[in-house]
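>>> sequence-free structure coming up:
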């Protein structure tokens, strides 16, 4: 039972059983608060949204601390905790979050952080945890256990922790990926269910185009490793748009909702409106390609009638952002030089990549998408061109020349620093 007075008996910080933890908890109404030395500890909960579902799918339990009624930043408190006390504080926070969270009947996750100190220093990590869930009658599947991978140098301890919580029935998340010593190899080897990307990544992506592309690639790598991607620390609309564009599955941050004593249960965090504006912007970007697509279709017709590449694609190649036009066969082989446009950005530094005769592009999406959808113009996603080392999109479409199927391709500069076509 929780103490209902402010007078607490002496707490042994070296002991961290659930009974000892609850002796440090008092009731204030129907909420519990904790006492750790001279700090008063309480819970707040920040919603986590699924972008596709456009709704709240869980909340992260976060610590708030005051000393003499003055707020203390959680990191300041955690940074001044002795090694012998860190396990106690970690478990006190989790017990408070579990007590104060309103699980309800609807399926939602409660995200709980587990200190790296707990994992690094204690292998018996969690008879306590199982007892905590049992005492509050919470199914383990409703809990997401967050582990900060970068602070656990011993990979064996990390995998043991992931396996323990997963075997207990919980969902496992790696937190703050992309900060400190994070390593993508450890992600695919540990195989968490969710990877939370550090807020530094979305903050950098707001002001740096390369950081934005790296964020997209990181999300793709996380998906390839078999985990869902959650972007945290999304604080404004620009970052929210980048989050949508990154391919992440879930988002969290002040833009969508701030932490609150009582968990927010309704609303989409503005995701529906944001998605509609994003779709509209994507449509605008594709509409900017329409003049190129019209010239591209005209070039296809002229190639099919037997004209040379230079004659058929002359007008297309002279358009402001055309890089090059070229023809590849159904196997992806390029047998003749392409027709370079005004935006061909190759320089002497990339001379070894300049020659494209006898190259094979069968592995490129623009080739296999064109061959899978004959006679339909395909627009690739932006990618880095190996021949120009610049971001581009490629228009591609099949055409018949005699008995053979060929694919016409046109690379278009997609440099975000000076605008799209």
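Yes, it's here. Note that this is a predicted model, so its numbers are computed, not measured.
>>> can you give me the helices for the stretch 251-400 of the chain?
271-287, 290-304, 309-312, 314-317, 365-372 (DSSP state H, counting those that start in this stretch).
>>> and these, which one averages the lowest pLDDT?
Of all the helices of the stretch 251-400 of the chain, the minimum mean pLDDT falls on helix 271-287 (a mean of 80).
>>> next, the angle helix 290-304 makes with that one.
Angle of helix 271-287 versus helix 290-304, following axes from the mean of the first three to the mean of the last three CA atoms, to 10 degrees, is 50 degrees.
>>> tell me the buried residues in helix 271-287?
271, 274, 275, 278 (16 or more other CB atoms under 10 Å). Every C-beta, even on glycine, is put in place using the N, C-alpha and C of the backbone.
>>> what sits closest to residue 360 if chain neighbours are left out?
Leaving aside its sequence neighbours, residue 360 sits nearest to residue 332 (CB to CB, 6 or more residues apart in numbering; 4.9 Å).
>>> can you get me a residue count around that neighbour?
16 (other CB atoms under 10 Å).
>>> so after the worst-scoring helix or strand of the chain on mean pLDDT, what's the next helix or strand?
Lowest mean confidence among the helices and strands of the chain (mean pLDDT, DSSP states H and E): helix 116-121, at a mean of 74. The C-terminal neighbour of helix 116-121 among helices and strands, as given by DSSP states H and E, is helix 127-135.
>>> circling back to that earlier point, any idea how far the least confident helix or strand of the chain is from the chain center?
26 Å (CA atoms, centre = their mean, to the nearest Å).
>>> for stretch 74-88, same thing?
The chain centre lies 29 Å from the centre of stretch 74-88; the measure is CA atoms, centre = their mean.
>>> swap in stretch 394-412?
35 Å.
>>> now it: buried residues?
394-399, 406-412.
>>> stretch 214-223 now?
Buried-residue list, stretch 214-223, by 16+ other CB under 10 Å: 215, 216, 218, 219, 222.
>>> so which of those residues sit within helices?
215, 216, 218, 219, 222 (DSSP state H).
>>> quick one: residues contacting the third one.
Yep, that's residue 218 we're talking about. 178, 184, 197, 201, 229 (CB atoms under 8 Å, 6 or more residues apart in numbering).
>>> in stretch 66-80, what counts as buried?
72, 77, 78.
>>> actually stretch 148-159, not the one I typed
For stretch 148-159, using 16+ other CB under 10 Å, the buried residues are 148, 149, 150, 151, 152, 157, 158.
>>> doesn't residue 409 belong to a strand?
Yes - under DSSP: H, G, I helix; E, B strand; the rest coil, residue 409 sits within a strand.
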